[in-house]
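Engineer: got a predicted structure here, sequence first:
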Amino acid sequence: MTWTADTPRLRPVQAALLKGCLFAFLSLSFPTLPSAEAADAVAPETTPTATESKLDSYSTSLYADGRAAFRRGDHSAAAALFEKASLAGYPDPVVFYNLGAARFRLGEYEAAEAAFATAAAYERLAPLAYYNLGLIARRQQDYRNADGWFRQAGTHPQASAKLARLSRQAIASLPEVHRQRPTLELDEPARLRDFLRFSFNAGYGSDSNAYRAPSASYIDLALPGAPEVVPVVQSGSFIPLDADVEFRWAPHEKGHFSLRYDFDGKVFTAKELQNANAFRNRIAFGGRVHIPRENGYQYFRSFFAITSLDENYYDRTDGSDVLVGATNIADRFKRTKFGPHVYYHRERGRLGYGLSAEAFINKFNNDFDTDEDLDYLDLTHEQYQLGAHLSFDVLKRTELRFSADAFRRDYTRRLAKNADGVRFNTNDNLQFDFYEGGVKLVQELGRQLDVSLGYRYAMRKDNFEGYDDYDRHSGLAELAFRARRFSAEAGVVYRSYDFPNGFAFDQAAAGEKTLERLFGYLEARYRIRQRYHIMVSAELDAVDSTDPRAAYDRNQFAVGMSWNL
């Protein structure tokens, strides 16, 4: 085993103690670890004197008392007794392991780290010691060093199969951007997972409002004669599908290139609901780099993506195809999106910051573009976006995140509306500028639960006469729970739109247009075996507007299985 510059380090205050330091914490996870009664003691080379024998008996008594105190949960007394036993010359280094365990239970992580380091100097204790140093680093959110310790534990020549498996699971529990390639110079065989990733999800779900139909009848002031419209709310079951495969090559300890394909779809089982089916295919090529630094890390990701979306343009009142005159425009929403994406993040101690950028063309289906009278239906556009983000650890478990984005959307043929909400042929092409900013507070409640609260403001500017301007206020509350086999996320988002120049039904007589949306979700996953998971999801979506054509109530529920390679 050779140490490199990237090998995880203990704090300088413990550097003098190094040689090994980890074993104590795992006495909880591995109750059958060697003890003074079971392990091979370091026997003296000469016959002990009466004084030495008395000293050994005294240290053994202290050690036994420490174990008894630990078993009854008196960790403070146990730590004191183990420390006295070591000072009295207790002959088995497992005493340092148990001292670390007691210090860890007391939340004295630096002292636990020092004790584990001492235990790790002994070959039979080293793999477990490395693992426990990783647990301490993870508890302190030092994910970079945690990754290194776990890797050393799992690849140590004396590591058991169980410890190697636990080490892999511990690495998988770390945030992905913090995971690194092994930093020790070991001859590890290549694994299939280093080059190929695959997952497939399928299940069964129900949708209470497949076409997002308004729940009440209304007078449509936008149609000649202002007829009464009676929507038909249609519910049904569907099959959710999700699959992705990723090929990686030139893998390096600091990054890799990849080619990724992913698919998701929603297929309704009832023939009369087939218009609500939707599919997405995406292929992306690019790479990512993660460079550890002494006070943090740098992360860079870039890729070029092509996305195909297939969904129907249906009449939301009954789900039928939409006609303009004799022309069926049900394919209006089928489109292909392609362009580059770039993301950069730098972590410096408690501060993180970065930039993101993307540019893409969203090409919509134009089966009807031979009819110039339908040009106003063309949604094809280009978009350019630039964003910045900043994060700061206010406290050890409290983080503030700030973000700001600006982007422009240029439509190729779609015309803007004038101040009265009418698209005249003499109007300019539609062009929107968006400006968004937000703040998010993330609070860790222990190792397994995170709570997030956020606010975001967005402004859209219609660069013709301002008819489609809006201001949007968004509030967010989220919970995230992670355990060994079970994880879950839940949240609620509230959005309020104000259209200062817009009218309901695009008619001044209908009054000002407003819109509010409440969206709630729950996603849970339970691991049955290493590669198999059960998944449950639920969504609640409620939209209210002074333009009832946009209003609806909808809830969805799905349960499924996931297989991962």
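Structural biologist: Perfect, thanks for sending it.

Engineer: what about the spatially closest residue to F338 that is not a sequence neighbour, how many residues close to it?
Structural biologist: Nearest residue to F338 in three dimensions, chain neighbours excluded: I306, at 4.3 Å (CB to CB, 6 or more residues apart in numbering). For every residue, glycine as well, the C-beta is placed using N, CA and C. By other CB atoms under 10 Å, 14 other residues sit near I306.

Engineer: can you list the strands that the helix or strand where I306 lies pairs with?
Structural biologist: Taking DSSP states H and E as the criterion, I306 maps to strand 296-311. According to DSSP bridges, strand 296-311 forms sheet pairs with strand 278-293 (antiparallel), strand 335-348 (antiparallel).

Engineer: now the residue nearest to F338: how far from F247?
Structural biologist: With the distance defined as CB to CB, to the nearest Å, I306 ends up 16 Å from F247.

Engineer: tell me where the stretch 101-250 of the chain has helices.
Structural biologist: 109-120, 126-139, 143-155, 161-172 (DSSP state H, counting those that start in this stretch).

Engineer: low pLDDT regions in the stretch 351-500 of the chain?
Structural biologist: Scanning the stretch 351-500 of the chain for pLDDT under 70 picks out 367-373, 375.

Engineer: strands of that one, residue ranges please.
Structural biologist: Per DSSP state E, counting those that start in this stretch, the stretch 351-500 of the chain carries strands over the ranges 351-364, 381-395, 398-415, 429-445, 449-462, 470-482, 486-503.

Engineer: about what we covered before: pull out the buried positions in the strand holding I306.
Structural biologist: Applying a neighbour-count criterion of 16 or more other CB atoms under 10 Å, one finds 296-301, 303, 305, 307-311 buried in strand 296-311.

Engineer: repeat that for stretch 466-481.
Structural biologist: Judged by neighbour count using 16+ other CB under 10 Å, the buried positions of stretch 466-481 are Y467, D468, D469, Y470, R472, S474, L476, E478, A480.

Engineer: got the CA positions of it in PDB?
Structural biologist: Presented in PDB, the C-alpha positions along stretch 466-481 are these (Å, rounded to 0.1, in the frame of the first residue of the first chain):
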ATOM      1  CA  GLY A 466     -45.200  43.800 -23.400                       C
ATOM      2  CA  TYR A 467     -48.500  41.900 -23.500                       C
ATOM      3  CA  ASP A 468     -47.100  38.600 -22.300                       C
ATOM      4  CA  ASP A 469     -45.000  40.100 -19.500                       C
ATOM      5  CA  TYR A 470     -45.300  38.400 -16.100                       C
ATOM      6  CA  ASP A 471     -43.900  38.300 -12.600                       C
ATOM      7  CA  ARG A 472     -43.700  35.000 -10.800                       C
ATOM      8  CA  HIS A 473     -43.200  34.400  -7.100                       C
ATOM      9  CA  SER A 474     -42.300  30.800  -6.000                       C
ATOM     10  CA  GLY A 475     -42.100  29.300  -2.500                       C
ATOM     11  CA  LEU A 476     -40.600  25.900  -1.800                       C
ATOM     12  CA  ALA A 477     -40.500  23.500   1.200                       C
ATOM     13  CA  GLU A 478     -38.800  20.100   0.900                       C
ATOM     14  CA  LEU A 479     -37.800  17.100   3.100                       C
ATOM     15  CA  ALA A 480     -35.200  14.500   2.200                       C
ATOM     16  CA  PHE A 481     -34.700  11.400   4.200                       C
END
